[in-house]
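J.: below: sequence and its predicted model.
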Amino acid sequence: MASLQVFDRPLCCSTGICGPEVDPALVALAADLAWLAGKGVAVERINPAQQPQAFAANPTVREELHTHGNDCLPLVLVDGVVVSRGQLPGRVQLAAWTSVPLETSVALPVMTESCCGGGTSGPSAGCC
Amino acid sequence: MHLVDHPTRLLFFTGKGGVGKTSLACATAVALADRGNRVLLVSTDPASNLGQVFGFTIGESAPTPVPGVPRLSALNINPEAATRAYRDRLVGPVRGVLPAETVKAMEEQLSGACTTEIAAFDEFTGLLERTGTEQAFDHVIFDTAPTGHTLRLLQLPTAWTNFLDSTTSGASCLGPLSGLEKQRHQYADAVATLADKETTTVVLVARPQAAALEEAARTSHELGLLGIGNQRLIVNGVMPEGESPDPVARAVRERERKAMTNIPAAIATLPREAIPLQPCNLVGLPALRGMLTENPAAAVSAPSRPAAPPPRRRPSLRTLVDGIEKDGHGLVMVLGKGGVGKTTIAAAIAVELASRGHPVHLTTTDPAAHLSMTVESDIPSLTVSRIDPHDERERYRHHVMETQGGSLDDAGRALLEEDLRSPCTEEIAVFQAFSRVIQESRQSFVVVDTAPTGHTLLLIDATGAYHRDVVRHMNPDLHVVTPMMRLQDPGQTKMVIVTLPETTPVLEAEALQADLRRAGIEPWAWVVNASLAAAGPTDPLLVARAAAEEPHIDRVESRNPRTAVIPWLTEEPIGSRRLLEFVRA
């Protein structure tokens, strides 16, 4: 079975609820990774504030950070190889990278809403 | 019955900054040592002036014997130093290995109040365990940090224990927690120790003022919920009875009497003692030994000041409002620790601007709401809205679960619920509520009686960067303004820091300022509130207190050119008429 590592952006939590708006993609990612782990994939999500040394210990991650800066985060590695940088993968991508079959019955949490949470809370002084 | 007559092994002093916890903890420690007990005095106050009180340097690693007091030792826990050490332990090894930008972002994650709490709690738990097993001391006295911090410090044992029990995914918001898990049995021990009535007494310290007593009642209630029931109340700094004709002294006495008559039910029945107002801050052993005696005035020789110096001319709140008015619109955020009078200052600024004909929106977190009710009725250009931090937090939780939780499976929902239990959620939620009105400040004035910390702003902005990137990617022409950018622009936002002319409140306010500066925000003005020096008392005791304020006011003024000093008022400025008088005084 494949192993997948997500090197996160500096956020204080894995779902990003601390932001001006909850990013549905971040929430979905947290759920997708749990799903993937349930399929037997060795999933690791590494928060820079919790495990700075895991960033420093990985030569690929070090290289990426020196080349692209923090913009390369979140960085996704499958079996140690970079498969995605600077964006949040969806369940379809995650499944494809790790050769896990997708169940058709599962409602895919794809990013259909806008980045700002679909304006669910009315006018806000958020990013947009 | 006095506290020193039948003390438990552990004594915790808690209360808002500036109520006199340090003096009382020191006086109690000296009294117990004088009675033949071996006593350890521990300060966890970041603004620790334990050394100043005793006149010697106190160790941070091992208990230091206090000269002149046999059997008494003292120890400082500096939460800020503990936080730095904690951060260095985590981030230090990657410095020089990862790019500076990455290291900086990691450090900001570990610079918030939560990290300070965790680091301080780590020290505290260790100390509790050590002093619990070794029998070198009969009594350990903790001079804890100001109330909010203390509360969390004491609350953490339960919170962590529950949290660790329920955490399965290891993906929590409480980032730095992961480093602590190996010591979890210590948390359970700490909870048991704190709740043990035979071992622990919590001494709630308050001034005879409504706000301080309310705060003590809240603390009492929350500690009670944690099973910490052995509590006592010390009312510190009570104005002694006297015949002086000074109207300020009479008003002080009258207001204290009223506050004590209306003492909140939660603390009304606690064992209570009152300590009279001292002419100056207590320094030195004779003063400490006199504090808990029946007649402290005899033990403390008051500095002889035959006549009150005339109050110096200092800029009033009105001067600040003139500066705010110049721009014709903008956001005014008033910040400061609880109890310094933020809400009153915010309301006064709003009322004055509105009375000059400007449309003004005042947003307040004033839980009593009496202020907003009385000001909004009679000034047509003033709108008042109220934000309840607790409601906002619940609303935010609900909103997140509703909008985001629906698409998740059970595990995902559990994860989200868990993150929403984080301590930073409330501050974020309140800021969100405020940010709904921030937009208005482009055309009119918006006055807000609280502000997020610089750390929270940096975290919000780090998250906001995600959104910015996505938006830029989708539409490169779209101009994006984040709340952070608006708050950093002095043309749009003016931050006003409120403090009191006393040691701890000034240090606390300076910490807020340093935090804002880290987020690239320079506070626009300072307000020193409730100054006796500015009120010009004639009563000798109050004259001495007023003189003690001068160095603190000077310190604020010398560092912040735009500083207003507001006199202690004989009447609380409630209602628009009184608020206007307050501004124009």
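T.: Nice, thanks for sending it over.

J.: leaving out chain neighbours, which residue sits closest to the residue of the stretch 1-150 of chain B found nearest chain A?
T.: Residue nearest to chain A within the stretch 1-150 of chain B (CB to the nearest CB): B:Gln109, separated by 3.3 Å. C-beta here means a position set from N, CA and C on the backbone, and glycine is covered the same way. The shortest distance from B:Gln109 to any non-neighbouring residue, by CB to CB, 6 or more residues apart in numbering or on different chains, is to A:Ala49 (3.3 Å).

J.: could you give the number of residues near the one you found?
T.: Number of residues near A:Ala49 (other CB atoms under 10 Å in any protein chain shown) recorded here: 25.

J.: quick revisit: wait, the residue of the stretch 1-150 of chain B closest to chain A sits on A:Gln51?
T.: No. In this structure, B:Gln109 is not within contact of A:Gln51 by CB atoms under 8 Å, at 11.4 Å.

J.: so these two - more neighbours on which side?
T.: When B:Gln109 and A:Gln51 are compared for neighbours, B:Gln109 comes out ahead with 26 against 21, by other CB under 10 Å.

J.: distance of the more buried one relative to B:Ala268?
T.: 43 Å (CB to CB, to the nearest Å).

J.: show me where pLDDT drops low in chain A?
T.: Across chain A, residues meeting the criterion (pLDDT under 70) sit at A:10-27, A:104-128.

J.: tell me the contacts of the residue of the stretch 201-350 of chain B found nearest chain A?
T.: Distances from the stretch 201-350 of chain B to chain A, computed as CB to the nearest CB, single out B:Leu331 as the nearest residue at 10.1 Å. Counting by CB atoms under 8 Å, 6 or more residues apart in numbering or on different chains, B:Leu331 makes contact with B:Ile438, B:Ser441, B:Phe445, B:Val446, B:Val448, B:Arg486, B:Leu487, B:Gln492, B:Thr493, B:Lys494.

J.: which of those residues sits closest to A:Ala37?
T.: Nearest to A:Ala37 among those, counting by CB to CB, is B:Leu487 at 39.4 Å.

J.: distance between the ends of stretch A:31-48?
T.: End-to-end distance of stretch A:31-48 (CA to CA, to the nearest Å): 20 Å.

J.: list the buried residues for that stretch?
T.: The neighbour-count check on stretch A:31-48 (16 or more other CB atoms under 10 Å in any protein chain shown) flags A:31-37, A:39, A:41, A:43, A:45-48 as buried.

J.: let me have those residues in TSV, extended by distance to chain B.
T.: Putting those into TSV (distance: CB to the nearest CB, whole Å) gives the following:
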residue	distance to chain B
A:Ala31	3
A:Asp32	8
A:Leu33	9
A:Ala34	4
A:Trp35	7
A:Leu36	11
A:Ala37	9
A:Lys39	13
A:Val41	15
A:Val43	11
A:Arg45	6
A:Ile46	10
A:Asn47	6
A:Pro48	5
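
J.: ramachandran angles for the residue of the stretch 201-350 of chain B closest to chain A?
T.: Main-chain dihedrals, B:Leu331, degrees, to the nearest 10: phi -100, psi 130.

J.: is it bridged to anything, and to what?
T.: B:Val446, B:Thr493 (DSSP bridges).

J.: before we move on, back to that, for chain A, state which of the contacts of B:Leu331 is nearest.
T.: Ranked by distance to chain A (CB to the nearest CB), the contacts of B:Leu331 are led by B:Ile438 at 4.6 Å.

J.: quick check: which element contains that closest one?
T.: helix B:425-438 (DSSP states H and E).

J.: for B:Gly328, helix, strand, or coil?
T.: Following DSSP: H, G, I helix; E, B strand; the rest coil, we place B:Gly328 in the coil state.

J.: the closest residue to it other than its chain neighbours and chain A, how far apart?
T.: Nearest non-adjacent residue to B:Gly328, counting by CB to CB, 6+ apart: B:His358, 7.8 Å away. To chain A, B:His358 is 21 Å away according to CB to the nearest CB, to the nearest Å.

J.: would TSV of the contacts of B:Leu331 with pLDDT and neighbour count be doable?
T.: Converted to TSV, those look like this (pLDDT from 0 to 100; neighbours: other CB atoms under 10 Å in any protein chain shown):
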residue	pLDDT	neighbour count
B:Ile438	75	21
B:Ser441	80	20
B:Phe445	94	25
B:Val446	93	26
B:Val448	89	29
B:Arg486	78	18
B:Leu487	81	25
B:Gln492	88	17
B:Thr493	91	22
B:Lys494	94	21
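
J.: farthest pair in those residues?
T.: The span of the contacts of B:Leu331, defined through CB to CB, is set by B:Phe445 and B:Leu487 at 15.7 Å.

J.: for chain A, what's the nearest residue on the stretch 251-400 of chain B?
T.: Relative to chain A, the nearest point of the stretch 251-400 of chain B is B:Val400 (5.3 Å; CB to the nearest CB).

J.: near that residue, how many other residues are there?
T.: Neighbour count for B:Val400, taken as other CB under 10 Å: 23.

J.: tell me the SS of it?
T.: What three-state DSSP gives for B:Val400 is helix.

J.: just the ones of the buried residues of stretch A:31-48 in strands?
T.: A:Val43, A:Arg45, A:Ile46 (DSSP state E).

J.: now the second one. Nearest residue, chain neighbours left out?
T.: Once its chain neighbours are removed from consideration, A:Arg45 has its nearest residue in A:Val6; the separation is 4.7 Å (CB to CB, 6+ apart).

J.: just B:Glu440 next, same as before
T.: Closest to B:Glu440 by CB to CB, 6+ apart is B:Val446, at 5.3 Å.

J.: now swap in B:Thr57 and tell me
T.: Take B:Thr57 and drop its neighbours on the chain: the residue closest to it by CB to CB, 6+ apart is B:Gly51, 5.5 Å away.

J.: that neighbour looks like it's in a helix, true?
T.: Yes. Counting by three-state DSSP, B:Gly51 is found in a helix.

J.: and it, what does it touch?
T.: Contact analysis of B:Gly51 by CB under 8 Å, 6+ apart lists B:Thr57, B:Ile58, B:Asn76.

J.: among these, which are in helices?
T.: Judged by DSSP state H, helices contain none of the contacts of B:Gly51.

J.: buried subset of these, written for ChimeraX?
T.: Here is the ChimeraX selection string for the buried members of those, based on 16+ other CB under 10 Å:
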select /B:58,76
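
J.: three-state assignment of the residue nearest the centre of chain B?
T.: Nearest to the mean C-alpha position of chain B, counting by CA atoms, centre = their mean, stands B:Lys337 at 4.1 Å. Following three-state DSSP, we place B:Lys337 in the coil state.

J.: I'd say it and B:Pro505 touch.
T.: Yes. The pair B:Lys337 / B:Pro505 is scored as a contact, 6.5 Å apart, by CB under 8 Å.
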